[in-house]
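Engineer: only geometry, no sequence info:
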């Protein structure tokens with residue numbers, strides 16, 4: 001059973017041919033990065049802030065060509081989470097079979113592609129997935145089948161367009177997830193054991209580095225760098241950079257997550273997986289992202305306000 005569409009898509013991305021580049025038109029001022037090893041507290045989260053953390057205010061500066069819509073007050077339908085057992089492991093099961101493109105997801109997909117093109121880097125679009133509406137159903141334990149009355153919520157998910165780096169060897173594989181109001185907890189959730197993903201119902205993993213044994217004693221390591229930020233309209237944000245190895249130390253993967261907790265109660269997550277264009281495994285610890293943290297923040301803030309239903 002596929003437990004999380006995002007988890008599956010994180011593991012592979014097809015290599016393909018980039019089209020013509022377009023001049024970059026997104027500008028965003030730099031916020032303050034805060035390096036810390038402890039978990040974040042956002043909103044009603046239960047994680048302790050590291051002393052001295054200063055939230056940076058971002059000023060979004062739209063320019064001609066790629067208009068950025070001002071925030072709209074949308075009354076979002078709410079999908080409140082049930083009470084979750086802290087000792088139970090939960091997972092999302094996406095309804096891949098009945099995923100569909102809707103007018104809302106099409107609008108999100110259009111804005112996503114326009115703003116990626118505006119960065120002025122060659123794009124890898126073959127094999128990309130349009131942003132699609134899925135129903136995510138909550139599962140737990142070792143259940144083979146889901147209770148038909150189990151909790152579920154809508155998720156808009158897709159993308160996987162590659163943005164090539166300046167050296168042409170690597171690309172940033174970018175996908176977007178828009179989560180419904182009430183369907184997540186704010187803040188970073190620390191992964192447990194060999195599963196490096198954010199524990200449900202958090203949207204982003206982190207922020208304490210850890211090592212565990214996975215393959216016959218071969219150590220697996222995960223290193224987190226986390227920052228807390230504030231958007232131009234007071235939106236709460238988390239930026240997490242994660243470097244991980246599956247053991248043996250020959251292949252190191254690098255990812256970056258940006259989550260914007262929107263004022264309407266929804267959350268927009270942008271994930272950047274740094275990969276080689278030729279698909280080969282590599283040690284990416286010293287490889288640089290093609291898109292900066294500021295680029296991803298600008299992309300996340302520029303996505304339109306939509307009903308998630």
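Structural biologist: On my side now, so go ahead. Owing to the predicted nature of the structure, the values given are computational and were not obtained by experimental measurement. Numbers count the residues shown, from 1 in each chain.
Engineer: quick one: the longest helix seen in the chain to chain centroid distance?
Structural biologist: Across the chain, the helix with the greatest residue count (assigned by DSSP state H) is helix 103-117. The chain centre lies 16 Å from the centre of helix 103-117; the measure is C-alpha atoms, centre = their mean, to the nearest Å.
Engineer: partners of the closest residue to residue 156 other than its chain neighbours in the sheet?
Structural biologist: Closest residue in space to residue 156, ignoring its immediate chain neighbours: residue 178 at 4.1 Å, by C-beta to C-beta, 6 or more residues apart in numbering. C-beta coordinates here come from the backbone N, C-alpha and C atoms, glycine included. With beta bridges defined as DSSP bridges, residue 178 has these partners: residue 156, residue 268.
Engineer: looking at it, residue 205 is touching residue 189, isn't it?
Structural biologist: Yes. Residue 205 sits in contact with residue 189 when judged by C-beta atoms under 8 Å, with a separation of 6.4 Å.
Engineer: tell me the phi and psi of the residue lying closest to residue 107 once chain neighbours are set aside?
Structural biologist: Excluding the flanking residues, the one nearest residue 107 by C-beta to C-beta, 6+ apart is residue 304, at 5.9 Å. Backbone dihedrals for residue 304, given as degrees, to the nearest 10, come out at phi -70, psi 160.
Engineer: do I have it right that residue 304 meets residue 114?
Structural biologist: No. Taking C-beta under 8 Å as the definition, residue 304 is not a contact partner of residue 114, at 10.7 Å.
Engineer: ok so, going back, shared neighbours, residue 205 and residue 189?
Structural biologist: With contacts defined as C-beta atoms under 8 Å, 6 or more residues apart in numbering, the residues adjacent to both residue 205 and residue 189 are 198, 199.
Engineer: for residue 153, which residues are in contact?
Structural biologist: Residues counted as contacts of residue 153 (C-beta under 8 Å, 6+ apart) are 79, 135, 136, 179, 180, 182, 183.
Engineer: of all those residues, which comes closest to residue 233?
Structural biologist: Ranking those by separation from residue 233, with C-beta to C-beta as the measure, puts residue 179 on top at 18.6 Å.
Engineer: what's the spacing between residue 120 and residue 239?
Structural biologist: In this structure, residue 120 lies at 22 Å from residue 239, with C-beta to C-beta, to the nearest Å as the measure.
Engineer: what does residue 89 give?
Structural biologist: Computed as C-beta to C-beta, the residue 89 to residue 239 distance reads 26 Å.
Engineer: same question for residue 104.
Structural biologist: Using C-beta to C-beta, one gets 26 Å for the distance from residue 104 to residue 239.
Engineer: could you do residue 193 as well?
Structural biologist: Between residue 193 and residue 239 the computed distance is 25 Å (C-beta to C-beta).
Engineer: just for this protein, where's the confidence low?
Structural biologist: 1-72, 142-146, 148, 166, 214-218, 246-250 (pLDDT under 70).
Engineer: just the helices from it, written as ranges.
Structural biologist: Listed in chain order (using DSSP H), the helices of the chain are 5-10, 103-117, 293-302.
Engineer: tell me the most buried of these?
Structural biologist: helix 293-302 (a mean of 23; mean count of other C-beta atoms under 10 Å).
Engineer: how far away from the center of its chain is that one?
Structural biologist: Once both centres are worked out by C-alpha atoms, centre = their mean, helix 293-302 turns out to sit 12 Å from its chain's centre.
Engineer: how about stretch 155-167?
Structural biologist: Mean C-alpha position of stretch 155-167 versus that of the full chain (C-alpha atoms, centre = their mean) differs by 11 Å.
Engineer: now swap in stretch 175-190 and tell me
Structural biologist: Its chain's C-alpha centre and that of stretch 175-190 lie 9 Å apart, by C-alpha atoms, centre = their mean.
Engineer: quick one: the residue nearest to residue 156 and residue 187, what's the gap?
Structural biologist: As judged by C-beta to C-beta, residue 178 and residue 187 stand 18 Å apart.
Engineer: thinking again about what came up before, burial check on the residue nearest to residue 156, number of neighbours?
Structural biologist: Here the number of neighbours of residue 178 (other C-beta atoms under 10 Å) works out to 25.
Engineer: so how far is residue 235 from it?
Structural biologist: From residue 178 over to residue 235 the distance is 14 Å, taken as C-beta to C-beta.
Engineer: higher neighbour count, residue 89 and residue 239?
Structural biologist: More neighbours surround residue 239 than the other of residue 89 and residue 239, with 24 against 14 (other C-beta under 10 Å).
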